[in-house]
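**Q** Give the three-dimensional model of this entry:
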Amino acid sequence: MIQDIYPSRFNNSYVPFEIRNDDIILIFDDEGKVLVHEEDGMVSLVNEVSKELAKTYLFSLDEQRFFLAMESDYAENETEKYMTIRDIRKKAPQKTVFVLFTAYHLWQWYSVNKFCGRCGERVEFHASERALQCQKCGNIIYPRINPAVIVGVTRGDEILITKYRRGYAHSALVAGFTEIGETLEETVEREVMEEAGIKVKNIRYYKSQPWGMAQDILAGFFCEVDGDSEIKMDENELKYAAWVKRGDIELQPDNLSLTNEMMKVFKYDEI
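**A** From the prediction side, this is the model:
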């Protein structure tokens with residue numbers, strides 16, 4: 001999965017570091033595209049940008065430190081251009097993709113929290129932690145993380161495979177965000193009922209995964225159909241939903257997602 005970068009070590013502890021010459025500044029434009037270097041169809045991070053940009057420390061990977069530029073008017077050139085995270089996913093090493101997914105998560109948070117939601121004053125960086133603080137009323141804003149579930153619903157040697165009506169085109173599993181007042185297990189039950197019209201039982205936790213593209217923490221669960229297994233697909237959300245035998249499962253084109261790993265372990269009977 002995207003976070004499986006061993007033996008490299010990711011450190012998200014916030015320290016108000018001063019920037020060094022060998023640190024990397026990540027620059028996003030107003031649309032959420034990030035400035036990268038592209039050559040021969042492969043993408044790498046840009047490390048030769050002005051250290052005078054307004055920036056804040058993000059995290060480190062091994063000994064490499066990353067900062068986020070708080071300005072977005074850095075110009076493209078012949079080899080450096082802005083690309084979407086989705087496009088970079090296909091063209092960069094896994095560690096680079098993980099760095100950019102996580103940086104995007106924080107960029108999104110910073111970009112939508114420029115003013116205090118309580119009094120309307122402009123917020124500033126907190127002095128000692130990953131937070132924004134209003135100097136007028138003291139309100140503190142922490143990074144938003146959205147809980148969501150990925151659900152492998154099984155029926156013997158079959159699993160419920162879906163495809164979204166919009167966006168990602170490859171095979172997927174039932175998925176959805178946790179609502180106010182719900183447990184994760186209740187989210188599993190509700191999402192399966194909403195997307196497929198099916199009751200489930202024997203809900204079992206599998207693994208979790210950070211997914212910065214949607215500011216998510218994903219929790220994976222397997223469960224079994226309970227009673228009637230006829231699919232009543234939500235056509236607003238999905239364009240495909242069917243029971244698929246292990247040997248017929250079409251995996252996603254990369255190994256980054258929790259969804260793909262869950263389909264893979266079921267396909268090869270490795271749960």
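**Q** What pLDDT is listed against the closest residue to Gln64 other than its chain neighbours?
**A** Among residues not flanking Gln64 along the chain, Ile24 sits closest, at 6.6 Å (C-beta to C-beta, 6 or more residues apart in numbering). (C-beta placed from N, C-alpha, C; glycine too.) In this model, Ile24 is scored at 93, pLDDT.
**Q** my guess is Ile24 meets Leu45, correct?
**A** Yes: distance between Ile24 and Leu45: 5.6 Å, which falls inside the contact criterion (C-beta atoms under 8 Å).
**Q** Please list all residues in contact with the residue nearest to Gln64.
**A** By C-beta atoms under 8 Å, 6 or more residues apart in numbering, the contact list for Ile24 reads Leu45, Val46, Asn47, Gln64, Arg65, Phe66, Phe67.
**Q** between these, which is nearest His105?
**A** Of all the contacts of Ile24, the one with the least separation from His105 (C-beta to C-beta) is Phe66, at 12.6 Å.
**Q** List the strands paired with the helix or strand containing that closest one, with their directions.
**A** For Phe66, the host element (DSSP states H and E) is strand 64-69. The strands beside strand 64-69 in its sheet (DSSP bridges) come out as strand 24-26 (parallel), strand 55-61 (antiparallel).
**Q** For Glu235, which of those strands is the nearest?
**A** That would be strand 24-26 among the strands paired with strand 64-69, by C-beta to C-beta, at 39.0 Å.
**Q** which residues touch the following helix or strand past the closest one?
**A** Past strand 24-26, heading to the C-terminal end, the next element that is a helix or strand (DSSP H and E) is strand 34-39. Contacts of strand 34-39 with the rest of the structure, by C-beta under 8 Å, 6+ apart, involve 26-29, 43-46, 49, 74, 76, 79-83, 85, 88, 91-92, 100, 103-104.
**Q** Please identify the buried residues of strand 34-39?
**A** For strand 34-39, burial by neighbour count (16 or more other C-beta atoms under 10 Å) applies to Val34, Leu35, Val36, Glu38.
**Q** Nearest to Glu191 among the residues you listed?
**A** Checking the buried residues of strand 34-39 against Glu191 with C-beta to C-beta, the nearest one is Val34 at 30.8 Å.
**Q** Looking at the protein, which strand is longest?
**A** Here the longest strand in the chain is taken by residue count, with DSSP state E as the criterion, and it is strand 200-211.
**Q** ok, and for it, which residues are buried?
**A** By neighbour count, with 16+ other C-beta under 10 Å as the criterion, the buried positions of strand 200-211 are Val200, Ile203, Tyr206, Ser208, Gln209, Pro210, Trp211.
**Q** One more: stretch 18-33?
**A** Residues Ile19, Asp23, Ile24, Ile25, Leu26, Ile27, Phe28, Lys33 are the ones in stretch 18-33 that count as buried (16+ other C-beta under 10 Å).
**Q** try stretch 113-130
**A** Neighbour counts over stretch 113-130 (16+ other C-beta under 10 Å) mark Asn113, Cys116, Val123, Phe125, Arg130 as buried.
**Q** what's the farthest-apart pair in those residues?
**A** Taking C-beta to C-beta as the measure, the buried residues of stretch 113-130 span a maximum distance of 17.1 Å, between Cys116 and Arg130.
**Q** check contacts around the nearest residue to Ser257 once chain neighbours are set aside.
**A** Beyond its immediate neighbours in the sequence, the residue positioned closest to Ser257 (C-beta to C-beta, 6+ apart) is Met1, lying 6.6 Å away. The neighbours of Met1, taking C-beta under 8 Å, 6+ apart as the test, are Lys207, Gln209, Asn255, Leu256, Ser257, Leu258, Glu261.
**Q** Since that was my last question, I'll sign off now.
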